[in-house]
Structures are given as structure tokens and as C-alpha cells.
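K.L.:
structure, please.
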Amino acid sequence: MKTALTVSTLIACAMFAGCSSTPNLDSRFGDSVNILKAQQTMDPSASSSTKAIQVDGLAAKEAIGQYKKSYSQPKAPTNSFSINIGAGSSSGSGSGSR
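P.N.:
Purely as a prediction, here's the structure:
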């Protein structure tokens, strides 16, 4: 009984020690996500500005056309892994008849 109490006390102390040893990590929690969001933002002041992003009309029309085409005519499946063993002929020396 005394051993079980000692073991449970040690486990409880280890759990509390683990929770209290991360203040440096907790203070920077979420920084990486916030940095990535900031790097991917094209114009941070976009909500306060009425300036629109300008795109060439012909380029925009072509981009939308390609986008729509990608759904109406899906690409045919291709076999990207192909090994031709025993197929074809060899034109090197050492094979064939003389």
C-alpha cells in the first residue's frame, strides 16, 4: 500500500513538472502560423484601400478558359511507370546474325 502511494505521488509530481516546464514554448505558440500568413498576404492594407488589382484582360480570359477546360475535358490517365523488357530490337554490336 505504501509503495503504491509513493508511485502515484511520483507520477503526479512528474505530470506537474512536465506542464510547468514549457513557458518559453507557450509564449511563442502560433508564431509560425502568423508568420506564414503574413508572408502569403499580398496587400496587408487591402481592406482600407479601394484600389483593385489590375490584370490584363486577355490573360484573365485565357486563365478562366483553361480553368473551365480542365473540368470539362479531364486529362487522360497516363502510365508514368513503364519498363520495356524484351520489347523492341537492339541495333548494337554482338547481337543478330553475321
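K.L.:
so for the most centrally placed residue in the chain, what's the pLDDT?
P.N.:
Nearest to the geometric centre of the chain sits residue 36, at 12.7 Å (C-alpha atoms, centre = their mean). At residue 36, the model reports a pLDDT of 90.
K.L.:
quickly find the element holding it.
P.N.:
Take DSSP states H and E as the rule and residue 36 turns out to sit in helix 31-40.
K.L.:
report the distance from the helix or strand where residue 64 lies to the chain centre.
P.N.:
Per DSSP H and E: residue 64 is located in helix 57-72. Centroid separation between helix 57-72 and its chain, computed with C-alpha atoms, centre = their mean, to the nearest Å, is 25 Å.
K.L.:
please begin residue numbering at 246 from this point
P.N.:
OK, 246 is where the count begins now, so the last one is helix 302-317.
K.L.:
avg pLDDT for that helix?
P.N.:
92.
K.L.:
what do you get for stretch 252-260?
P.N.:
Stretch 252-260 comes out at a mean pLDDT of 75.
K.L.:
got it, and stretch 326-333?
P.N.:
Stretch 326-333 shows a mean pLDDT of 69.
K.L.:
who touches the helix holding residue 281?
P.N.:
Helix 276-285 is contacted by residues residue 289 when judged by C-beta atoms under 8 Å, 6 or more residues apart in numbering. C-beta: built from backbone N, CA, C; applies to glycine.
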